[in-house]
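# just to be clear, the model below is a prediction. Sequence and coordinates:
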Amino acid sequence: MHINQAGDYIILKLTEAFDEFNHLKLHKLLYYAQAWYLAFYGKKLFAEDFQAWIHGPINRTLYDRFVSTKSLYSDIERDDISPEFELNALSVQNRNHLDTILETDAKFSGVQLEEMTHKETPWIEARKGYRSSQRCEEPINAVVMREYYAARLKVNNDK
């Protein structure tokens, strides 16, 4: 699956629920979708990586898709779904996974999700050597993501 397909699915689901959300929140939801997919299945949900920006994990492909019309704090609307998006092109497993992420994380704002990622090892590790206000485009390592979120999964399962 391409990250834009996953993004369009999230836009569809959240606009159907009449939830207002912005570009920043879309990135964070997709980051957590990738992170938990790595933890559960040991592989990526989509090939595209995230970078450790000041505002948390950002995917350059998705950012570039919207940069001409939206800032990170601009609202995302149903009209932002790509005309090429086909719901049936997503596997049931991928839709179920994205639905689970939305059930657990869509209640948070983009800023709340940003704050959450700032406390987590994958983003912190990728930003090593950068000041908090310094621009950074370092990729967030997928192996670090998998290990970190799999460990959180194990802790939760052991409770």
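Okay, I see it. Numbering: from 1, shown residues only.

# and stretch 98-111, what's buried?
Neighbour-count burial for stretch 98-111 flags 98, 101, 102, 105, 106, 108, 110 (criterion: 16 or more other Cβ atoms under 10 Å). All C-beta atoms are positioned from the backbone trio N, CA, C, and that covers glycine.

# check stretch 141-159 too.
Neighbour-count burial for stretch 141-159, counted by 16+ other Cβ under 10 Å, picks out 141, 142, 144, 145, 146, 148, 149, 150.

# which residues touch it?
The contact list for stretch 141-159 (Cβ atoms under 8 Å, 6 or more residues apart in numbering) reads 34-36, 38-40, 42, 44, 49, 120-122, 125-126.

# how about 6 Å then?
Stretch 141-159 is contacted from outside by 35, 36, 38, 39, 121, 122, 125, using Cβ atoms under 6 Å, 6 or more residues apart in numbering.

# show me those residues that map onto helices.
If you go by DSSP state H, the contacts of stretch 141-159 have 35, 36, 38, 39, 121, 122, 125 in helices.

# from the contacts of stretch 141-159, which is closest to residue 17?
Relative to residue 17, the closest of the contacts of stretch 141-159 is residue 36; by Cβ to Cβ it sits at 20.2 Å.

# which non-adjacent residue is nearest that closest one?
Excluding its sequence neighbours, the residue lying closest to residue 36 (Cβ to Cβ, 6 or more residues apart in numbering) is residue 149, at 5.9 Å.
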